[in-house]
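# just a sequence and a predicted model for now, questions to come.
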Amino acid sequence: MPKTVDIVCTAGDCELDMFELHYTYDMPAEVGIEDFQCPYCGSSDSLTEAGV
Ligand SMILES: [Zn+2]
């Protein structure tokens, strides 16, 4: 199964709590959290995997 990860945004002024990122079989293995942006504040360097 493609993995599902919980993502949190660590930007201080961002109100986003958590969102889920669902990988698909079609996504290249090298695609990671750093390739995405926060859907709320748009920051691409404040996303981190929850519980890590
Ligand atoms: Zn954010």
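All right, it came through fine. Numbers count the residues shown, from 1 in each chain.
# centre of the chain to the longest strand along the chain, how far?
Taking DSSP state E as the criterion, the chain has its longest strand at strand 4-9. Centroid displacement of strand 4-9 relative to its chain, using Cα atoms, centre = their mean, to the nearest Å, is 5 Å.
# tell me which other helices or strands that strand touches.
Under the contact criterion of 3 or more Cβ pairs under 8 Å, 6 or more residues apart in numbering; DSSP states H and E, strand 4-9 touches strand 19-22, strand 47-49. Any C-beta I mention is one placed from the backbone N, CA and C, and that applies to glycine too.
# enumerate every residue touching the residue nearest the centre of the chain.
Residue closest to the mean C-alpha point of the chain, counted by Cα atoms, centre = their mean, is residue 7 at 4.2 Å. Residue 7 is in contact with 18-21, 33, 36, 47-50, counting by Cβ atoms under 8 Å, 6 or more residues apart in numbering.
# that's all I had, so thanks and see you.
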